[in-house]
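Asks: Predicted model follows, preceded by the sequence.
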Amino acid sequence: MVTEIMSHSTETTRLLTRIHQPDYVYNAQLGTERKRRVRQFQCCLCALFLTTLLVALIATISLSINNTNTSELNNTALPLDSFLVLFSNNWPIADKEYIHHFSDEFDVKESMDVEVPAIGIKKVVATSEKARDLSRIGYVQEYALRHIINRSLNRSSNYYKICNNYSTPSIPLACDNDHLECNRFKKYRSYDGTCNNLKHSNTYGTAYKPFRRALLPDYADGISKPRVAKDGKPLPSARTVSLMVHRPYYKEDTKFSVMLAVWGQFLDHDITATALAQKSNSDTISCCGSSTVQFPECYPVELDPRDPFMEYNVSCMEFLRSAPAPTCCLCPREQMNQVTSYIDGSVVYGVDESLIDNLRDFQNGTLKMYITKDGRTLLPVSNDLKDGCNREEEKNNEKILFSYRRILSAQMQHITYNEFLPILLGNKLMKRFNLVPQKTGYFLKYNETVNPNIANNFATAAFRFAHSIIPGVMKMLANDTSSPEFVQMHKMLFNPFKLYDPGELDKTLRGAVNTAIESSDSYFSNEIKSHLFEITAEQVKQPKLCGLDLVSLNIQRGRDHGLPGYSLWRKHCSLKIPKQFDDLKNEMDGEALKNIKNIYRNVDDVDLYTGALSERPLAESMLGPTLTCLILDQFVRIKYGDRFWYENPHRPQGFAPEQLDEIRKTTLASVICDNADDLNVIQSKVMEGLHSGNEYVPCASIERPNIGLWGEILDHSILSSSLTKILSFRKLVTS
Ligand code: HEM
Ligand SMILES: [Ca+2]
């Protein structure tokens, strides 16, 4: 939108001005002097001609050398050092002015009453009642803003100025009181993240708030309509981009195991959960049905008549827009994060007290467990009646629940920064930005001015990079020496029920640590591209329904959220800004760039997801420079901006030094060993494949933290030799 406003300029500039010489100057000078000058002129022309020839020759030679280098470069990693220079200062990157922002509610004629793939999206992106109620304020605000603009202002005005003019006082309903009364000495985090940051106690890191905007949104109408191309015409269909650029391609990366993706998704659900638009009765809406009246929040993905999905008799791919978040001023649409931005176990405990009450067993500070037919719980039954992981009757004590939660979030933080992030970002950047967990002592850089809120770009594009590493087929291993069974990914999704059968949990875990990921690039498995949430004919007793294409959904979601094009994100990250497609030759995979060039009309139109995924990775890392920049920035914020960060020293929130030393012993391997039914061996770095230095070791030999140092738990005589059982992966394996 900003660019549209800027392009309205009508200024024209004359390029040449002719200087008229008086005629007589030439007529009077026809002597020998002139002949000499003519000869000099001819000499100059000659020299100029030769120089041009020489330059052209040099240019041709160097171009051909460059071309050779380019094709070589395209297969190698980008040098990290130049990236480091760009990012040496000023981190986290300052956001552009943070501004906020509508639609009236419609009743929709069409709902989905049968089980269809699109319902999978509704399950993955679950939207709570609270989010639905809040989004109503968002719709009203959006409606009001549109009304004001249509009524009183001419189209060339700057909408963002309007936002500022109509800010805070006019909409007190949606303006959070950022100064909640907080008790700074409270030992435990609140469920919804309030009072973590004492200056911004109701906005920083808290649930049900707009995502942070690192760049102003780019909506077609400046308010909320999905982004369009620079020339004002529609962008190429997200599905076309997916089909042409993000082709199915299988290239394993045996250095890493699927456990990397499992942890990534588990972590992701702790820090982002975008609210979706809903009907007032929360029925699922169909956008591609036969109804002539379409729900206003429908934004289905267009399909080309030659699309392979067409054989299933569909007209488009279902897609519902994300719900608008209420904001403190009348501003363009923002989307709502329903969870806390801190790594705080919200994926396990939730962010609403009402939810946690449903999860608790109110007996010994633990959560309710599922009991299988044969009497097992999904989180395995322990022989130790006092370790807090069983259903033995105990005093109803909230303090123990809080204490477990505090330890669990510390363990999640430790695993994320110790095992997961170094794989994504590389050790050099981890060190440079102080992200490596300390071996001893405390982290002293908590900074209350750092806003940890999850950036819209992170949730909507950057952190979804990992969809590219998901393999189409997962191994299942009955034991350490058996030959594997193979299961297609779409058959595993929303199908945790097999896990309740004896032996299945261990089979799945062995499979996840033994299946290699696909390489992180612009290519995806066909399971993700064509069979997402596919429902087989046996399941629905009707003709097979085609699945979804997650890549198109990701691209469409970026446009829905008004994410600016890829070039602007490069600029945001101080990377070279492409003026034309060929400027990306050295940055991108050659094949991907060729296809990008064929589909988009302008380099500024390229979607962030597509552009960023097509970049070649930086040395020692899994990601290209733009993804590295955006993901690194977010994880710096999550660490530096969390007052309850597990390595922070201040009491009573901080752990005692001896307790912290125990937390530091947590590894995902020990968590898996302690929670599996009968797993004997595992590699100690479970997110990595088996390699020399990362061979199988007996579970019994893996170091674990000791819970004996937590007085509050001991006081209630719940003793355990192992802390790892606290980090239940019940959610991990069923999410
Ligand atoms: C089999 C594995 C996975 C499946 C089936 C899956 C599926 C999905 C779906 C359907 C969405 C919503 C798409 C939409 O916008 O309509 C989504 C969102 C997302 N996914 Fe995945 N995903 C998987 C793994 C991962 C992994 C490994 C990561 C990261 C490491 C990840 C990160 C994300 C993020 C950040 C979002 C946005 C979440 C939100 O804010 O609501 N996903 N995924
Ligand atoms: Ca959280």
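Replies: On my side now, so go ahead. Ligands and ions are numbered 1, 2, ... in the order given.

Asks: okay, CA-based contacts and neighbour counts for the rest of this
Replies: Will do.

Asks: Need the pLDDT of the residue nearest to residue 664 when sequence neighbours are not counted.
Replies: Leaving aside its chain neighbours, residue 664 sits nearest to residue 414 (6.9 Å; criterion: C-alpha to C-alpha, 6 or more residues apart in numbering). At residue 414, the model reports a pLDDT of 98.

Asks: can you give me how far the helix or strand containing residue 414 is from the chain middle?
Replies: Using DSSP states H and E, the element containing residue 414 is helix 398-415. When distances are taken as C-alpha atoms, centre = their mean, to the nearest Å, helix 398-415 is centred 24 Å away from the chain's centroid.

Asks: ok, now stretch 258-267?
Replies: On C-alpha atoms, centre = their mean, the centre of stretch 258-267 falls 13 Å from the chain's centre.

Asks: Pull the residues that contact that stretch.
Replies: For stretch 258-267, contacts defined as C-alpha atoms under 8 Å, 6 or more residues apart in numbering pick out 343, 347, 412, 416, 420, 466, 469-471, 512-517, 686-688, 731-733, 735.

Asks: what about whichever helix or strand comes after the helix holding residue 414, near ligand 1?
Replies: Following helix 398-415 in sequence order, the next helix or strand is helix 421-425 (DSSP H and E). No: legend: contact between helix 421-425 and ligand 1 by C-alpha under 6 Å from any ligand atom is lacking; minimum distance shown is 9.8 Å.

Asks: Could you count how many residues lie near the residue of the stretch 351-500 of the chain found nearest ligand 2?
Replies: Taking C-alpha to the ion, ligand 2 has its nearest neighbour within the stretch 351-500 of the chain at residue 351, 8.1 Å off. Other residues within reach of residue 351, judged by other C-alpha atoms under 10 Å, total 23.

Asks: tell me which element it is part of?
Replies: Per DSSP H and E: residue 351 is located in neither a helix nor a strand.

Asks: Now do the same contact list for it.
Replies: 191, 192, 193, 207, 339, 340.

Asks: any chance of these in JSON lines, plus secondary structure, neighbour count and distance to ligand 1?
Replies: Listed next are the contacts of residue 351 as JSON lines, based on DSSP: H, G, I helix; E, B strand; the rest coil; neighbours: other C-alpha atoms under 10 Å; distance: C-alpha to the nearest ligand atom, whole Å:
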{"residue": "191", "secondary structure": "coil", "neighbour count": "21", "distance to ligand 1": "18"}
{"residue": "192", "secondary structure": "coil", "neighbour count": "23", "distance to ligand 1": "16"}
{"residue": "193", "secondary structure": "coil", "neighbour count": "23", "distance to ligand 1": "17"}
{"residue": "207", "secondary structure": "coil", "neighbour count": "29", "distance to ligand 1": "12"}
{"residue": "339", "secondary structure": "coil", "neighbour count": "27", "distance to ligand 1": "9"}
{"residue": "340", "secondary structure": "coil", "neighbour count": "31", "distance to ligand 1": "11"}
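
Asks: and ligand 2, which of the residues you listed reach it?
Replies: Among the contacts of residue 351, the residues that sit close to ligand 2 (C-alpha under 5 Å from the ion) are residue 340.

Asks: now the contacts of residue 351 as a markdown table including distance to residue 243 and pLDDT?
Replies: Shown next, in a markdown table, are the contacts of residue 351 (distance: C-alpha to C-alpha, whole Å; pLDDT from 0 to 100):
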| residue | distance to residue 243 | pLDDT |
| --- | --- | --- |
| 191 | 42 | 94 |
| 192 | 40 | 96 |
| 193 | 40 | 97 |
| 207 | 36 | 96 |
| 339 | 33 | 97 |
| 340 | 35 | 98 |
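
Asks: distance of the residue nearest to residue 239 when sequence neighbours are not counted from ligand 1?
Replies: The shortest distance from residue 239 to any non-neighbouring residue, by C-alpha to C-alpha, 6+ apart, is to residue 552 (4.9 Å). Distance, residue 552 to ligand 1, using C-alpha to the nearest ligand atom, to the nearest Å: 9 Å.

Asks: these two touch, right, residue 552 and residue 301?
Replies: Yes: contact criterion C-alpha atoms under 8 Å: residue 552 and residue 301 qualify, at 7.4 Å.

Asks: shared neighbours of those two, anything?
Replies: Going by C-alpha under 8 Å, 6+ apart, residues that sit against residue 552 and also against residue 301 are 238, 239.

Asks: Buried residues in the helix holding residue 414, which are they?
Replies: Residues of helix 398-415 classed as buried: 400-415 (neighbour count, 16 or more other C-alpha atoms under 10 Å).

Asks: low-scoring stretches of the stretch 1-150 of the chain, by residue?
Replies: Filtered on pLDDT under 70, the stretch 1-150 of the chain yields the residue ranges 1-76, 82-93, 95-125.

Asks: and it, which of its residues are near ligand 2?
Replies: Taking C-alpha under 5 Å from the ion, no part of the stretch 1-150 of the chain reaches ligand 2.

Asks: The strand or helix carrying residue 240 close to ligand 1?
Replies: Applying DSSP H and E as the criterion places residue 240 in helix 238-244. No: using C-alpha under 6 Å from any ligand atom, helix 238-244 stays clear of ligand 1, coming no nearer than 12.4 Å.

Asks: Against which helices or strands is that helix packed?
Replies: Applying 3 or more C-alpha pairs under 8 Å, 6 or more residues apart in numbering; DSSP states H and E, one finds that helix 238-244 contacts strand 301-302, helix 550-560, helix 590-599.

Asks: Does residue 187 fall in a helix, a strand, or a coil region?
Replies: What DSSP: H, G, I helix; E, B strand; the rest coil gives for residue 187 is coil.

Asks: show me where the stretch 551-700 of the chain has strands.
Replies: Using DSSP state E, counting those that start in this stretch, the strands of the stretch 551-700 of the chain run over 681-683, 696-698.

Asks: For the last one, give the mean pLDDT please.
Replies: It refers to strand 696-698. Rounded mean pLDDT across strand 696-698 is 96.

Asks: distance between the helix or strand following it and the chain's centre?
Replies: Heading C-terminal from strand 696-698, the first helix or strand you meet, by DSSP H and E, is helix 711-714. In this view, helix 711-714 has its centroid 37 Å away from the chain centroid, taken as C-alpha atoms, centre = their mean.
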